[in-house]
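1. fold the following for me, if possible:
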Amino acid sequence: GCTARIAYYQKEEHEKGCQHAPCFCPETGCSFSGPTKVLLEHFLVEHDWCHGEKDLRYGKTYRTKTLLGVRGPTVLMGNDGHLFLVNMTMESLGGVISVCCVEPHISGSRFKCRLALSCGEPSYSQTTEFLTSSTNLRDGFPKDCFLFLVPKVLLGDTGTNPTATVCVTLKPQ
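-> From the prediction side, this is the model:
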C-alpha cells in the first residue's frame, strides 16, 4: 500500500486519488488484492498469465501470436505504470478479445486501443479502434468492455489458430 504520511483529517481525500489503492484479482476463488505493480507479479507467478510487456510504449504496436483462451489474459504494463489486460475467451460465435485498463480508481476511459487481427490461413484481417474500459477488477472482468469478435471459422476444430497474430496499440486520450 501507500507509504505517504498524511494527517488523519486528510485520509479520506487522499484515498480518493491514491495510486497505491488496491486492485483485485478476478480469478474465481482468489482473494488477492494490491497495487497494480504487485498485482502484475501475482498474475504472472500465481496464475501463469501471459506476460506481454513490462515497459509498453504508448503508440507502439505490441504483437503476439495467440491461442484463444490459453493461460488467461495477456498482461501489459505501460511505461508509466498503467496495467492493461488483453483477455481472450471462447464464446458460441467464436473468440472474443477485450482490453481493459486496471487502475485503483475507475476514472472512465483514458486510453484508445487499436486492435488488429490477421490470419494467414485462411487469409483474413480485421482492425478496430475503441476506448478501453477502466476497472479495479473488484467485480471481475468488466462487462462493459468493447468486444472484438474473432469468427469461429478462423479458429479451426480445436478453437485455436496458432497462426493468428493480434496487434495491440494503446494511446492516452
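2. quick one: residues contacting the residue lying closest to residue 25 once chain neighbours are set aside.
-> Spatial nearest neighbour of residue 25, chain neighbours left out: residue 32 (4.2 Å); criterion: CB to CB, 6 or more residues apart in numbering. (C-beta placed from N, C-alpha, C; glycine too.) The contact partners of residue 32, taken as CB atoms under 8 Å, 6 or more residues apart in numbering, are 24-25, 39, 42, 46.
3. among those, which are located in strands?
-> residue 24 (DSSP state E).
4. which of the contacts of residue 32 has the most neighbours?
-> Comparing the contacts of residue 32 by number of neighbours (other CB atoms under 10 Å), residue 39 comes first, having 22 neighbours.
5. for that one, what are its contacts?
-> With CB under 8 Å, 6+ apart as the criterion, the residues that contact residue 39 are 23-25, 32-33, 83, 102.
6. any idea which helix or strand carries residue 98?
-> Using DSSP states H and E, residue 98 falls within strand 94-102.
7. pLDDT of that strand, averaged?
-> What strand 94-102 shows for mean pLDDT is 89.
8. got the CA coordinates for it in CSV?
-> Only the C-alpha atoms of strand 94-102 are listed here, as CSV (Å, rounded to 0.1, in the frame of the first residue of the first chain):
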residue,chain,number,x,y,z
GLY,A,94,-16.1,-17.6,-31.9
GLY,A,95,-13.3,-16.0,-29.9
VAL,A,96,-13.8,-12.7,-28.1
ILE,A,97,-11.0,-10.3,-27.3
SER,A,98,-11.4,-7.4,-24.8
VAL,A,99,-8.9,-4.9,-23.5
CYS,A,100,-9.2,-3.0,-20.2
CYS,A,101,-7.1,-0.7,-18.1
VAL,A,102,-6.7,-1.8,-14.5
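9. continuing past it, what's the next helix or strand?
-> Counting by DSSP H and E, the element that comes right after strand 94-102 along the chain is strand 111-119.
10. mind listing what residue 127 touches?
-> Under the criterion of CB under 8 Å, 6+ apart, the contact partners of residue 127 comprise 114-117.
11. revised request: answer the last question for residue 60.
-> Under the criterion of CB under 8 Å, 6+ apart, the contact partners of residue 60 comprise residue 169.
12. any chance of the contacts of residue 127 in a markdown table with pLDDT, neighbour count and distance to residue 130 as columns?
-> Supplementary listing: the contacts of residue 127 in a markdown table, determined by pLDDT from 0 to 100; neighbours: other CB atoms under 10 Å; distance: CB to CB, whole Å:
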| residue | pLDDT | neighbour count | distance to residue 130 |
| --- | --- | --- | --- |
| 114 | 96 | 16 | 9 |
| 115 | 94 | 20 | 8 |
| 116 | 93 | 17 | 12 |
| 117 | 89 | 22 | 14 |
